[in-house]
Structure formats: C-alpha cells, structure tokens
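>>> sequence first, then the predicted structure:
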Amino acid sequence: MGRIKEWFLRTIWNRLLLLARWLVISIVTGLVLGVVGAAFAKSIAWVTVYRKANPMILAGLPLAGLLIVFFYHFERKDEKSSTNLVLDAIHAERHIPFRTAPLIFASTIITHLFGGSAGREGAALQLGGSIGEQLGKLFHMDQADQRVTIMCGMSAAFSALFGTPLAAAIFPMEVVSVGIMHYAALVPCVVAALIASAVAASLGVEAEAFVLGELPALTAGIGARVVVLGVLCAAVSILFCVVIHRTEHELERIFPNPYLRIGAAGAVLALMTFLCGTTDYLGAGMDVAGRYIAGEVVAEAFLLKILFTAVTLGGGFKGGEIVPTFFVGAAFGSLMGSVLGLPCGLSAACGMAAVFCGVTNCPISSLLISLEMFGFQGALFFALVISISYMQSGYYGLYHSQRIVYAKDKTRFINQKTKE
C-alpha cells in the first residue's frame, strides 16, 4: 500500500511540475507577444489612417516594394520567410530564423502604408512562430517541445491582433495537419492566447466584433439556402487559392528578378486602383467587410479583392491572406444573400466563415472565430455553412506546407500536401 501511495504522489508531483513548466513558458510567451502584437496592430492601424488621409502615397508603392526586396536580399532562398516556413518548422523540417520577426514586422507595415492589398495575420503567425521558437531555445527546450513553443507563439500573436483567443488557441494546432490535432500544445496555446489577448486589450487594441441583429429561425427552407451558400463559398475559396498561387507562379516566370517583379506589381496595383476609382481594395479591408455585413452589396467586390491580393502577394509584398478572405467572404455572402433571400448580415457573416474555412481547411477554428466575432446566436448557421464548405473545398489551401492527413470524405489516411 505504501508503494502505491508513493507512486501516486510521485506521479501527481511530476504532472504538476510539467504543468508549472508550461504555464511559465506560455505566460512569458503571452506577455511578450501581447506587447509585440499590440505594437504591430497599432502600427498597422496608424499607417492605414495615414494612407487613407494621403491617398497619393499609393504612387510610391513600387519604390516601397524595392525596399522590401532589399530587406530580404540577404535571406537564403531555402529560408524564404512565409507562413509555410512556420508550418515546416512545426513539421520539424526547418528552423525559423530570428530575423524573420523584424523582417515581417517592418515589411508588412511598409506594404500597408503604401496600399498593398494584404492582411496582417500572416505576419502575426510568422512573428509568433519566430519568437516562440527563440523562447523555446531560451528555456532549453528539446526539439519536440520547441515545436510546441512555435504553436504557442502563433496563438499568442494571432490572439493579440484579433482579440479572438479561442480561435487563436486552436488555429495553430489545427492548421498544421488537417485531420488531426496536436493536443500536446493545448495548454500552452490556450494560456498564451488568453494572456496575449488581455495584454493587447490593456494596451488599447480592440477586438474584431460585429453585430448581426435579429436572426431568423433555422427552418428547412433557410437551412437549404445556407447549404447552397456553403457550396458556393467553397467554390470561391478554391478560386481564391488558385488565383493566389497561379499569380505568384506567373509573376515569377515573367519577372525572374524580384526587384522588377515587385516594382511591376506595385505599378499594376496603382493602375488598378485608378481604374476602379476606389481605394476599398487596398490594405486589409476589414472595415470594408463591415459595410457588407451592414447590408452593402457590390457585385464585383469579391473578385476584385481576390485580384488585388493576388497581385500584392504574388509580386512580393508582405502580409497575410486571411483578412482578405474575410473581405472576399463578406462581399460574396452579402451578394448571395440578396440572391438567396437570406438576411444580408447573416449571409455575409456565413460567407466570411465559409471562405475562411475553405482556404485554411480549419473548420473548428472557423467556427470559433465566427462565434467570437458575431456572437453565439448564429452558431447553428455557422456550423452548417462551415461544414459544407470544408467538405466541398477539396484539398486546396493557402499554405502548400499544410498536410491533409485524413481524407475529407472518408476515414482514410492520405497524408498529402494541399493543392496549389
């Protein structure tokens, strides 16, 4: 009996030590990235306000692109900074150089200042992954635990920027390998996301949130329309991924020199903005997405945002793809709401959730971020449209380093990378 008691107490003590270790690491990660994320969010907000007040700054976009390429000139080709680099590091295939953090911070701000059409979460994931890996080394973590600290950092940075700690905690565990979850990172990711969100909020970063108003009951007729919307959003997500990747490949083929490529892309973006007669498609566009949720309908908006984002990122400017998918989903959802007879706000919110799910292959994160942005009253609609989009979007994705471990339509192990 004494041996059993000793074994039990030793087991409990070891588990408590393990918990304490990860709590310390995740709290430090949350504090550090809460501050860094807040600084990044406020910098993006400031340069966006400046750009809108000085629209002629768009003319400097080609020169800004040259500066970004110069920043990345000394980076080795096999260490090309992107979200794919972070995913590869979690797969234990590569390491994230620490210079990734300041590079993506500065280059994303330059992109937003001069009007590139890109998001900020890609930069957040790279910031978080880079700093997370460095903290893992600082705490003398082994290789396996460093992969957890990378995910921990990604959660913290994502949470600091969006103020959605639930989705931020789950997204890094879900996006790496579709079909399985890295639950070993659950405690660090949850704690770091909560801490980072609180720190960013205390520093004045506001969470993304929208009001949908009164929603209809989920009847058979409404449900059928939501299913149709989910199928259409899956098609839009495939289109988004294909255009993003094909544009990048074609621009690299036409302009092998990165300076020429980014300069040409900047000039094309300026010309496209002039021809469209609006700056709505520049920057991340979360404020514009809010207009679609409020009831505005612009039929061509989702296609134009896809094109602007593809030229921006394909040309070599830095940023993320996820916020543009929110824009695309909201614009397409508001359009389809008017066609399908769904409330515009609900349809736009469902469009955001469904397109985000289609391009990231992350249904749980998509549901959580929808609930945190729009409230729980739309949970049934979000769950339905997200599940349809996940199944119908196939094996396309924004990140070619993402692995589809299990098939979407069968309990079958496939372990393949996403299509481009």
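Perfect, I can see it now.

>>> tell me where the stretch 301-420 of the chain has helices.
With DSSP state H, counting those that start in this stretch, the ranges of helices along the stretch 301-420 of the chain come out as 301-315, 322-340, 344-360, 363-374, 379-392.

>>> so how far is T309 from T247?
9 Å (Cβ to Cβ, to the nearest Å). For glycine as for every other residue, the C-beta is placed from the backbone atoms N, C-alpha and C.

>>> for these two, indicate the residue with more neighbours.
Higher neighbour count among T247 and T309: T309, with 30 against 20, using other Cβ atoms under 10 Å.

>>> quick one: residues contacting that one.
T309 makes contact with 117-118, 244, 321, 324, according to Cβ atoms under 8 Å, 6 or more residues apart in numbering.

>>> what pLDDT does it get?
T309 is assigned 96 on the pLDDT scale.

>>> the strands in this structure, which residues?
177-178, 403-406, 413-417 (DSSP state E).

>>> now do the first one, average pLDDT.
Read that as strand 177-178. Per-residue scores along strand 177-178 average to 87.

>>> give me the contacts around that strand.
For strand 177-178, with Cβ under 8 Å, 6+ apart as the criterion, the contacting residues are 361-362, 402-406.

>>> and stretch 376-390, by the same measure?
Against stretch 376-390 from outside (Cβ under 8 Å, 6+ apart): 212, 215, 218, 223, 226-227, 229-231, 233-234, 237, 346, 349-350, 353-355, 357-358, 361, 363, 366-367, 370-371, 374, 408.

>>> only the buried subset of those, as a PyMOL command please.
To isolate the buried members of those in PyMOL, using 16 or more other Cβ atoms under 10 Å:
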select buried, resi 212+215+226+229+230+231+233+234+237+346+349+350+353+354+355+357+358+361+363+366+367+370+371+374+408
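
>>> surely T247 and V311 touch.
Yes - between T247 and V311 there is a contact under Cβ atoms under 8 Å: 6.4 Å.

>>> picking up where we left off before, by neighbour count, which of the contacts of T309 wins?
P324 leads the contacts of T309 on contacts (other Cβ under 10 Å) with 32 neighbours.

>>> would you confirm that that one contacts G116?
No - the criterion here is Cβ under 8 Å, and P324 misses it with G116 at 10.7 Å.

>>> joint contacts of those two?
In contact with both P324 and G116: no residue, using Cβ under 8 Å, 6+ apart.

>>> pick the most buried one from the helices of the stretch 301-420 of the chain.
Among the helices of the stretch 301-420 of the chain, the stretch with the highest mean neighbour count (mean count of other Cβ atoms under 10 Å) is helix 344-360, at a mean of 30.

>>> dump the helices of the stretch 301-420 of the chain to CSV, plus distance to Y183.
Below are those laid out as CSV (distance: least, Cβ to Cβ, whole Å):
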stretch, distance to Y183
helix 301-315, 32
helix 322-340, 23
helix 344-360, 19
helix 363-374, 12
helix 379-392, 20
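
>>> of these, which is nearest A201?
helix 363-374 (13.1 Å; Cβ to Cβ).

>>> output the contacting helices and strands for that closest one.
Secondary-structure packing of helix 363-374 (3 or more Cβ pairs under 8 Å, 6 or more residues apart in numbering; DSSP states H and E): helix 165-175, helix 344-360, helix 379-392.

>>> tell me how far it lies from the chain's centre.
Mean C-alpha position of helix 363-374 versus that of the full chain (Cα atoms, centre = their mean, to the nearest Å) differs by 13 Å.

>>> using CSV, write out every CA atom in it.
Written as CSV, here are the backbone C-alpha positions of helix 363-374 (Å, rounded to 0.1, in the frame of the first residue of the first chain):
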residue,chain,number,x,y,z
PRO,A,363,-13.4,24.0,-39.5
ILE,A,364,-13.1,24.2,-35.7
SER,A,365,-11.1,27.4,-35.8
SER,A,366,-13.6,28.9,-38.4
LEU,A,367,-16.5,28.1,-36.1
LEU,A,368,-14.7,29.6,-33.0
ILE,A,369,-13.7,32.8,-34.8
SER,A,370,-17.2,33.2,-36.1
LEU,A,371,-18.7,32.9,-32.6
GLU,A,372,-16.1,35.3,-31.2
MET,A,373,-16.7,37.9,-33.9
PHE,A,374,-20.5,37.6,-34.4
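
>>> what residues does it touch?
By Cβ under 8 Å, 6+ apart, helix 363-374 touches 162-167, 170-171, 174-175, 207-210, 212, 349, 352-354, 356-357, 360, 378-379, 382-383, 386-387, 390.

>>> now it: mean pLDDT?
pLDDT averaged over helix 363-374 gives 96.

>>> and for stretch 132-142?
Taken as a whole, stretch 132-142 has an average pLDDT of 89.

>>> kindly report the same for stretch 72-92.
63.

>>> same thing with stretch 186-196?
97.

>>> next: stretch 378-393.
Stretch 378-393 comes out at a mean pLDDT of 97.

>>> quick revisit: which one of the helices of the stretch 301-420 of the chain lies nearest to A45?
Nearest of these (Cβ to Cβ): helix 322-340, 12.9 Å.

>>> contact partners for V228?
L340.

>>> which non-adjacent residue is nearest M286?
Using Cβ to Cβ, 6 or more residues apart in numbering and skipping residues adjacent in sequence, the residue nearest M286 is V323, 5.8 Å away.

>>> show me what contacts the one you found?
So V323 contacts 118-121, 284-286 (Cβ under 8 Å, 6+ apart).

>>> tell me where the stretch 151-300 of the chain has helices.
Going by DSSP H, counting those that start in this stretch, the stretch 151-300 of the chain shows helices at 165-175, 186-202, 220-254, 258-276, 286-293.

>>> quick one: contacts of the second one?
So the one you mean is helix 186-202. Taking Cβ under 8 Å, 6+ apart as the rule, helix 186-202 contacts 19, 22-23, 25-27, 29-31, 33-35, 37-38, 41, 148-149, 151-161, 163-166, 168-170, 172-173, 207.
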